[in-house]
Structure formats: C-alpha cells, structure tokens
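J.: Any chance you can model this:
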Amino acid sequence: MLKNIFMDKDFKLRSGWKITIVFMVFFALTLLTQIVIGTVYALSKFLSNPSLMSNPNKIINTVNFNSFIIFISTLSQCICMIISIFIFWKKFDKKPIKNIGLINIRRGSRDLILGLIFGGVALTLVFFILYATGNIKLIGSFYSPNFSISALTGLILFIFVGINEEMFARGYCFTVLRQSTNKWIAIVVSSIIFAAMHSFNAGISFLGYVNLFLFALLALYMAIKSKNLWMSIGFHTTWNYFEGNVFGFLVSGNETNGIYTVRNTSSNIINGGSFGPEGGLTVTLVIIIIFIFIWKFYTPKSTVENTYI
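T.: Got it, this is the predicted structure:
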C-alpha cells in the first residue's frame, strides 16, 4: 500500500514526488549557496572594517544588501533550479534534456526571437493602455530615459529567470505530469504550480493568481505549438524585463529600477495595485490578445522535431 503512494503501476516514482524532490534539491542547493554568499559578504565587511572583530554584533548594523549582492543572490537561485532539473531529469528519467523542450538554441532561434518580440510588445501595450486611461502617471519625461547599470544586470537576471521558470514549469513539471496523466490535467496542474510559486510575493491577489495562471497557459501554449521552450523563454524574459527594467512597474510585486518610472494614480483592479500590472485586468486583456495572435498567425517550423509532447 505504501509503495502505491510513491510508485505508479509501472513501478516508477510518481510525478508529484518527482516535482517535490526537485524542489527539495533546489532548496538545499539554494540554502548552501546563500550561506556561502552571506559568509563571503560578512568576511568582506570584517576585512574592510577590522574594528568589527571586537564586537561582531556591529556587523548587523553595517549590513547593506546592495543591488549587486541581491543580483548575485537571485542569479544563484536561478542557477540552482536549472542544476536541480538537469540532475533529476538525467538521474531518474535518463532522457535527453531536449525531451523537456530545451532543444538546440540554433534550431529554436526563430522561436526565441519571436518570443522576445511578443514579450516586449505585450508589456509596451500594457504600458500604453494604462497610461492612456490615466491609471498610471509617468514620472519625468518620456524622452529622457534614465539608463543605469540596472538596465544590464536586470536583463541578465531576467534571462536566467525566464530560463529557470520555463524549464521548471513548462518543461519539467508539464513533462513529468504528462507521463502519468492526460495532457489537459498536466496543463492545468503545471499552470497552478507556476501561479502558486508566487504566493509569497508582495501584493499577491486573487486576480494576480488568475493572471499568473493565464500567463502559464499562454507560455505552455507557445511551447506546445512551437514544440520547444525557446519561444516561452523569450516571451517570459522580455515580459519581465520590459515590465520592470524598462517601464519601472512592479514585477509580480517585486521592485525594480526602470529606465522609466511610473506610479499608479490609485490602486485598482485595472493597474493591479501593489502587485503591479500582473494583478490587474489590463494584463488579463493583453494575455488574451497575445493568445489569439499566436493561435491565428504563428506557424511552427516544419523542421522542428516533436520531442516535447
């Protein structure tokens, strides 16, 4: 009986446990890397200010997690997730990584470029809808963007966020769920998992969950139709980047430094309030528009091997 909880009728580990173990490996690797990063940071504080040695409690007052440390910390989390997926897929499923949709980037380059374009266009549309309807105001001039190092570090970071979240939700979760259930259940459950991953983000709301679920469905539709993950990776990357580092919105409740700075005129169901646009109806509308566009006008390359589904 206990065996049935962990194993399916073919004596293979059930998909739910596979996903859980990947999370556990990810958590362990992340904890280890954060300890290392924190230790190196603390040592650098001691070395730069030897007086702290006489009273280590003072270091608490000197801690300033600057943008570089936050960047390194978040980047390491993304890398830990990618490593966890590689380890578990190779160890338990013993299949090539292309089987979760990560085909050779040269073969997926067209889809990657299209995804990057769709993500940038989508968030630009969100911005202009909110701006035109008076739900946000632009601080400063549209003709005077504020470029900083954050424009570069944000791009690097969101590339890795796009890769790691797409590999996990649309790649790993969907694929292992598909092994033990029908396609539609796998689509719904993997999308719920993606939405639930944002539960601890600031400002999360019911509509925020709905939009995250719809975003997951859209990204998975892109992956299924293109037969690989590159379009959804590109879409996810520029969606986050334009949302945060270009237009200065909150990205799923997280603050970023944008080329432009915007403020909500009031927190409402249109602009998403403290969760950012993803908590508002404008994003709901734009996701539906992109969904329809992909359905009507996108045609995958006939040469792409169907290894994903």
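J.: use CA for all of it now, contacts and neighbours both
T.: Will do.
J.: Could you tell me which ranges of the stretch 1-150 of the chain sit under the pLDDT cut-off?
T.: Along the stretch 1-150 of the chain, the parts satisfying pLDDT under 70 run over 1-11, 45, 48-66.
J.: Show me the helices in it, by range?
T.: 2-6, 15-48, 58-62, 67-88, 109-132, 150-165 (DSSP state H, counting those that start in this stretch).
J.: Just put the ones you listed in a markdown table and tack on mean neighbour count.
T.: Formatted as a markdown table, the helices of the stretch 1-150 of the chain follow (neighbours: other Cα atoms under 10 Å):
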| stretch | mean neighbour count |
| --- | --- |
| helix 2-6 | 11 |
| helix 15-48 | 15 |
| helix 58-62 | 11 |
| helix 67-88 | 18 |
| helix 109-132 | 19 |
| helix 150-165 | 20 |
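J.: For residue 207, find the nearest of those.
T.: helix 109-132 (15.8 Å; Cα to Cα).
J.: For the closest one, name the packing helices and strands.
T.: Taking 3 or more Cα pairs under 8 Å, 6 or more residues apart in numbering; DSSP states H and E as the contact definition, the neighbouring helices and strands of helix 109-132 are strand 136-139, helix 230-241, helix 281-297.
J.: sorry, back to before: now tabulate the helices of the stretch 1-150 of the chain in JSON lines and tack on distance to residue 102.
T.: What follows is the helices of the stretch 1-150 of the chain, written out as JSON lines (distance: least, Cα to Cα, whole Å):
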{"stretch": "helix 2-6", "distance to residue 102": "28"}
{"stretch": "helix 15-48", "distance to residue 102": "17"}
{"stretch": "helix 58-62", "distance to residue 102": "43"}
{"stretch": "helix 67-88", "distance to residue 102": "11"}
{"stretch": "helix 109-132", "distance to residue 102": "11"}
{"stretch": "helix 150-165", "distance to residue 102": "10"}
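J.: between those, which gets nearest to residue 258?
T.: Judged by Cα to Cα, the one of these that comes nearest to residue 258 is helix 150-165, at 7.2 Å.
J.: now what about the following helix or strand past that closest one, what contacts it?
T.: The element immediately downstream of helix 150-165 (helix or strand, assigned by DSSP states H and E) is helix 174-180. Identification of contacts with helix 174-180 by Cα atoms under 8 Å, 6 or more residues apart in numbering yields 14, 15, 16, 18, 100, 186, 187, 190, 308, 309.
J.: List the contacts of the fourth one.
T.: Residues counted as contacts of residue 18 (Cα under 8 Å, 6+ apart) are residue 176.
J.: Against residue 24, how distant is it?
T.: Residue 18 sits at a distance of 10 Å from residue 24 (criterion: Cα to Cα, to the nearest Å).
J.: and what of the second one?
T.: As judged by Cα to Cα, residue 15 and residue 24 stand 14 Å apart.
J.: go on, residue 94?
T.: If you measure residue 94 against residue 24 using Cα to Cα, the figure is 19 Å.
J.: For residue 170, which non-adjacent residue is spatially closest?
T.: Leaving aside its sequence neighbours, residue 170 sits nearest to residue 220 (Cα to Cα, 6 or more residues apart in numbering; 5.7 Å).
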